[in-house]
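**Student:** 3D model of this:
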Amino acid sequence: MPVTKTITDEPRNDSSIAFSMKLPRKADFEKALIRQYAKAVQLSRKAGHQVSFRVVVDTLAGAQTISIVEEEPLPQDAFPVEEVREPDDELQAALAAARGRGQRRVAQIVAEDDMLGAEAFADLLGVSRVTVNTKRQHGQVLGLDGAKRGFRFPAWQLDRYGRPYAALPKLQEILGGAWAVYRFLITPHGSLDGRTGLDALKRGRDEDVIAAAEGIARGDFR
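**Tutor:** Reported below is the predicted structural model:
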């Protein structure tokens with residue numbers, strides 16, 4: 001294991017390397033982390049090896065300390081590198097089979113009746129095909145890759161007024177892609193009272209839907 005030392009254990013003129021504060025508002029805490037991060041970067045460059053953070057929260061005292069911890073470099077032979085072997089035939093076959101199942105599932109999804117080509121989806125919106133593709137590139141509409149002839153656009157991503165749900169750009173920003181948003185929208189979530197993301201959007205619960213997506217992005221999986 002790396003040997004660590006808290007920088008403030010040594011005599012230094014810069015006493016702000018360890019930053020103690022009463023439990024702050026979220027915004028103040030984020031600013032403190034950014035300041036300490038900048039100092040850690042400077043220290044790491046100067047020392048030539050790894051520097052990390054340690055955050056200690058004491059709820060009883062109502063305070064917390066953000067310390068920069070300097071990692072002592074390990075000897076090069078501390079952890080010998082084992083030879084990495086090629087996957088055996090059985091594992092390669094299993095991986096190939098898994099990829100095949102994934103590809104077949106994608107093909108099934110994009111072939112469903114409510115998956116429209118760019119031209120049909122453009123007609124539904126009353127815009128040009130070029131406009132649809134521009135909206136897809138900017139995350140304003142959901143376009144799923146995997147079809148042999150371009151992207152497919154779920155017809156259900158339009159609200160009762162025929163407009164793409166306003167939460168779609170934010171969802172794509174949070175979840176990182178159209179397929180991730182698709183899975184989120186068709187899956188029931190405990191944080192949405194067991195409803196799917198799409199059902200919650202239909203009920204006008206945009207803020208709840210975005211909060212649920214943020215929870216998944218953090219790894220809450222509820």
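
**Student:** which residue ranges make up the domains of this structure?
**Tutor:** Using the TED database, the domains assigned to the chain come out as 26-69, 114-218.

**Student:** so which of these gets nearest residue 101?
**Tutor:** domain 114-218 (13.6 Å; C-beta to C-beta). Bear in mind the C-beta positions are built from the backbone N, C-alpha and C, glycine included.

**Student:** residue 52 - that's part of a helix, no?
**Tutor:** No. Applying DSSP: H, G, I helix; E, B strand; the rest coil, one finds residue 52 to be strand, outside a helix.

**Student:** from residue 207, how far out is it?
**Tutor:** For residue 52, the distance to residue 207 (C-beta to C-beta, to the nearest Å) stands at 35 Å.

**Student:** about what we covered before: in JSON lines, list the domains of the chain along with mean neighbour count.
**Tutor:** Formatted as JSON lines, the domains of the chain follow (neighbours: other C-beta atoms under 10 Å):
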{"stretch": "domain 26-69", "mean neighbour count": "13"}
{"stretch": "domain 114-218", "mean neighbour count": "17"}
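
**Student:** among those, which is nearest residue 86?
**Tutor:** domain 114-218 (28.9 Å).

**Student:** average pLDDT for the closest one?
**Tutor:** Average pLDDT, domain 114-218: 92.

**Student:** which parts of the chain are strands?
**Tutor:** Counting by DSSP state E, the chain has strands at residues 4-6, 19-22, 51-58, 63-71, 115-116, 144-147, 150-154, 188-189, 195-196.

**Student:** just the C-alphas of stretch 154-168, formatted as PDB.
**Tutor:** Output of stretch 154-168 as PDB, limited to C-alpha atoms (Å, rounded to 0.1, in the frame of the first residue of the first chain):
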ATOM      1  CA  PRO A 154     -39.200   7.000 -31.000                       C
ATOM      2  CA  ALA A 155     -42.600   8.600 -31.800                       C
ATOM      3  CA  TRP A 156     -43.400   8.600 -28.000                       C
ATOM      4  CA  GLN A 157     -40.800  11.300 -27.300                       C
ATOM      5  CA  LEU A 158     -43.400  13.900 -28.300                       C
ATOM      6  CA  ASP A 159     -45.800  15.400 -25.700                       C
ATOM      7  CA  ARG A 160     -49.500  15.800 -26.200                       C
ATOM      8  CA  TYR A 161     -48.800  19.000 -28.200                       C
ATOM      9  CA  GLY A 162     -46.600  17.200 -30.600                       C
ATOM     10  CA  ARG A 163     -43.400  18.700 -29.200                       C
ATOM     11  CA  PRO A 164     -40.300  16.800 -28.000                       C
ATOM     12  CA  TYR A 165     -40.300  16.700 -24.200                       C
ATOM     13  CA  ALA A 166     -38.400  19.700 -22.800                       C
ATOM     14  CA  ALA A 167     -36.400  17.500 -20.400                       C
ATOM     15  CA  LEU A 168     -34.700  15.500 -23.200                       C
END
